[in-house]
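Novice: Turn this into a model:
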Amino acid sequence: MAPFPAGIGAAMRRLLVVRHGSAAGKATGGSDRERPLTPEGRRAVRELGERLRSDGIEPDLVLCSPAQRTRETLSLLGTALTRLPPAEFDEDLYLADACTLLDHLHAAPGGTRCLLLVGHNPGLEELARGLAGSGSTALDAGLPAAGLAIFEISGAWSGLSPSSARLAAFAGP
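Specialist: Here you go, the predicted structure:
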């Protein structure tokens, strides 16, 4: 398996878009927000975290939905990575649509070099497809559970758009 893109230029930023791992069905009781990852979901997320670590990718800002399955996904990624900054768990990110997610990305501090966004479909997939642009076919089959899209971003977060983003890598379990 080819490594994820390593170093990026000084003027570039990196966006890691991660969908939570496979979660238990709603029949398990509790609310949708309380659905935990399945054993397969935990395994897939651990493998993704190990791959990010082996390729030297470390976020310096984390935005994460407050749902249990996204928190578990982030925790498992964090155990694999060398360093993971404290996450921002914003209620607006729970089942957020693409526009809401983009608004949060636009508000990222200017000094952020690598931003990790952990969330849910369909909003996360819509965001990734929108940033990848119509010329990209990598996301045609969607963003699977424990899927990752890595974008290289030129310019400021506040100007993030398809014209400033390039899909550098895509991986699914």
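Novice: For the rest of this, base every contact and every neighbour count on C-alpha atoms.
Specialist: Fine.
Novice: Please verify my assumption that residue 94 contacts residue 120.
Specialist: Yes. The pair residue 94 / residue 120 is scored as a contact, 7.4 Å apart, by CA atoms under 8 Å.
Novice: Need the overlap of contacts for those two.
Specialist: Residues touching both residue 94 and residue 120 (CA atoms under 8 Å, 6 or more residues apart in numbering) are residue 65.
Novice: The two: who's more crowded?
Specialist: For residue 94 versus residue 120, the count of surrounding residues by other CA atoms under 10 Å is larger for residue 120: 24 against 19.
Novice: For that one, give me its contacts.
Specialist: Contact analysis of residue 120 by CA under 8 Å, 6+ apart lists 19-20, 65, 70, 94-96.
Novice: gap between the helix of greatest length in the chain and the chain center?
Specialist: Taking DSSP state H as the assignment, the helix of the chain that covers the most residues is helix 39-54. Here the centre of helix 39-54 is set off from its chain's centre by 13 Å, with CA atoms, centre = their mean, to the nearest Å.
Novice: now for that helix, which elements pack on it?
Specialist: For helix 39-54, the elements it packs on are helix 68-80, judged by 3 or more CA pairs under 8 Å, 6 or more residues apart in numbering; DSSP states H and E.
Novice: could I get the helix it packs on in CSV with only the CA atoms?
Specialist: Only the C-alpha atoms of helix 68-80 are listed here, as CSV (Å, rounded to 0.1, in the frame of the first residue of the first chain):
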residue,chain,number,x,y,z
GLN,A,68,-20.0,8.4,21.0
ARG,A,69,-18.9,6.7,17.7
THR,A,70,-16.9,9.8,16.6
ARG,A,71,-15.3,10.2,20.1
GLU,A,72,-14.3,6.5,20.0
THR,A,73,-12.9,6.9,16.5
LEU,A,74,-10.8,9.8,17.7
SER,A,75,-9.7,8.0,20.8
LEU,A,76,-8.5,5.0,18.8
LEU,A,77,-6.7,7.3,16.3
GLY,A,78,-5.1,9.0,19.3
THR,A,79,-3.7,5.8,20.7
ALA,A,80,-1.9,5.1,17.4
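Novice: what helices or strands is the helix or strand following that helix leaning on?
Specialist: Next along the chain after helix 68-80, taking DSSP states H and E as the criterion, comes strand 87-89. If you count contacts as 3+ CA pairs under 8 Å, 6+ apart, strand 87-89 packs onto strand 61-64.
Novice: average pLDDT for the longest helix of the chain?
Specialist: Mean pLDDT, helix 39-54: 96.
Novice: circling back: top of the contacts of residue 120 by neighbour count?
Specialist: Ranked by neighbour count (other CA under 10 Å), those have residue 20 at the top, with 30 neighbours.
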